[in-house]
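Q: okay, here's the prediction I keep looking at, along with the sequence it came from:
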Amino acid sequence: MLEVFGILIAFVTVILVLSLATTGLSQMTSALLRLRGRNLYRGLTRLVGAAEGNVQRRSENKESGVAQEPEAEPAPESAAEPLDPNAIVESVFDSGELLRVGRGVLSFLPNWLRGPERTWIEAGELKEALAASELPAAVAAEAERLYPQLERLLKKRFAFLMRLVALFWAFVVAFAFQVSAPDLLRELSTDRELRARVLELTASLENRESVQGVPARALEELRDEYAEAESIAARLEAVSAEDLSDEALLAALAAVSEEAAELPAAEREAVVDRYRELVIELEREDLERTLEQLGGIDIRLWGGGEAFYYADERLQWGNLLGVLITALLLSLGAPFWFRMLSQASSLRDMLAPPDKEQEESTEDPEA
């Protein structure tokens, strides 16, 4: 039984290490392409367009004498598209730098293509931007009313987008490293030396910080860099670790930079930019470490060469299917496999017989 658990733990460890590469590549893709900012820009475009469309339809219905049913108004997904929604968003939000794009980075491209630096906008900020815009009051009020629906839509869309990105990189990693899940399981079952090397690697992965925590580590380094700026350092200390995985962290960092009035404007704006740079640097370091760990258990990039997929003028369908299974497993993400590793290790420890010293320590001293 313990040997079975050892094989299972070794298998999960290999999948976890490969998942770390997948997760790191996905997060780097999101940061480099500013996927959160693009998601926000697209959502705001649809929001303003939906608001304008709703107001226009109400006006047309009023003129034609059609009865209104305010509670049955369509959500942004079903609202009619305005003539030029991108121009509306540019005029309303870009003037206030709510969707400021990286300084001097591909300035000839439109905002939606470059990806705004801002990844989220609060309801209060939206209200202020709408009030300062040249939009008709009715359109601004309708956009503000639709905003809660936009929040839910953006979060669902971004989660789906990141799922697609993770799936893409899962296939790339599985294909490039040529790991077939069935073959891997069989090798771990028969090759005791390989299994022992993998189990040695397991011990270094059982610490949660070695698997997750890139945002936390990036935030810690950011605090160190701004330690001499007292007000901004104090605000960084107040940023909660529980918000590190979602929009709340970037929103908190943006608020920190805006409140640090004693710093020059360019330096305040650099706080969020520097955090993103640190995240990318740490992800790259983790990826390099992952490659070293895989090399230690004989898993290398393109290790089997072209013959792994095509040999003797025939496609190796078994290997292709095995790689496909591996990719699907990797797409579940590193956090999932870390939980699996923790649970399997706990079960193994519970079933393991106590060692001799432990048995002696539990004996009755009067016996």
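A: Happy to help now that I have it.

Q: run a quick neighbour tally on residue 127.
A: Number of residues near residue 127 (other C-beta atoms under 10 Å) recorded here: 15. Quick note: C-beta positions are derived from backbone N, CA and C, even for glycine.

Q: over to residue 336?
A: With other C-beta under 10 Å as criterion, residue 336 counts 16.

Q: that's a helix at it, yeah?
A: Yes. Under DSSP: H, G, I helix; E, B strand; the rest coil, residue 336 falls within a helix.

Q: OK, contacts around the closest residue to it other than its chain neighbours?
A: Computed as C-beta to C-beta, 6 or more residues apart in numbering, the closest residue to residue 336 that is not its neighbour in sequence is residue 19, at 7.7 Å. Counting by C-beta atoms under 8 Å, 6 or more residues apart in numbering, residue 19 touches 329, 330, 332, 333, 334, 336, 337.

Q: buried stuff in the helix or strand hosting residue 19?
A: Under the criterion of DSSP states H and E, residue 19 resides in helix 2-32. Neighbour-count burial for helix 2-32, with 16 or more other C-beta atoms under 10 Å as criterion, is recorded at 5-31.

Q: with stretch 119-132 instead?
A: Applying 16+ other C-beta under 10 Å to stretch 119-132 flags 119, 120, 121, 125, 126, 129, 130 as buried.

Q: pick the one among the residues you listed closest to residue 302.
A: For the buried residues of stretch 119-132, the minimum distance to residue 302 (C-beta to C-beta) is 35.8 Å, reached by residue 119.

Q: check the gap between the residue nearest to that closest one when sequence neighbours are not counted and residue 155 for me.
A: Excluding the flanking residues, the one nearest residue 119 by C-beta to C-beta, 6+ apart is residue 36, at 3.7 Å. Distance, residue 36 to residue 155, by C-beta to C-beta, to the nearest Å: 11 Å.

Q: could you tell me how many residues sit around residue 321?
A: That count, for residue 321 with other C-beta under 10 Å as the rule, works out to 13.

Q: circling back to that earlier point, would you mind giving the buried residues of stretch 119-132 as JSON lines with pLDDT added?
A: Formatted as JSON lines, these follow (pLDDT from 0 to 100):
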{"residue": "119", "pLDDT": "72"}
{"residue": "120", "pLDDT": "71"}
{"residue": "121", "pLDDT": "76"}
{"residue": "125", "pLDDT": "75"}
{"residue": "126", "pLDDT": "80"}
{"residue": "129", "pLDDT": "78"}
{"residue": "130", "pLDDT": "78"}
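
Q: show the low-confidence segments of the stretch 1-150 of the chain, by residue range.
A: 1, 65-88, 90-118 (pLDDT under 70).

Q: scratch that, the stretch 201-350 of the chain
A: For the stretch 201-350 of the chain (pLDDT under 70), the answer is 206-213, 231, 240-270.

Q: now stretch 187-196: buried residues?
A: Within stretch 187-196, the residues scored as buried using 16+ other C-beta under 10 Å are 187, 188, 194, 195.

Q: just the CA trace of that stretch, in CSV.
A: Provided in CSV are the C-alpha atoms of stretch 187-196 (Å, rounded to 0.1, in the frame of the first residue of the first chain):
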residue,chain,number,x,y,z
GLU,A,187,8.1,4.1,-15.4
LEU,A,188,7.5,5.3,-11.9
SER,A,189,6.0,1.9,-11.1
THR,A,190,9.0,-0.1,-12.4
ASP,A,191,12.0,2.2,-12.0
ARG,A,192,12.8,2.5,-8.3
GLU,A,193,15.8,4.8,-8.9
LEU,A,194,13.7,7.3,-10.8
ARG,A,195,10.9,7.2,-8.2
ALA,A,196,13.5,7.8,-5.5
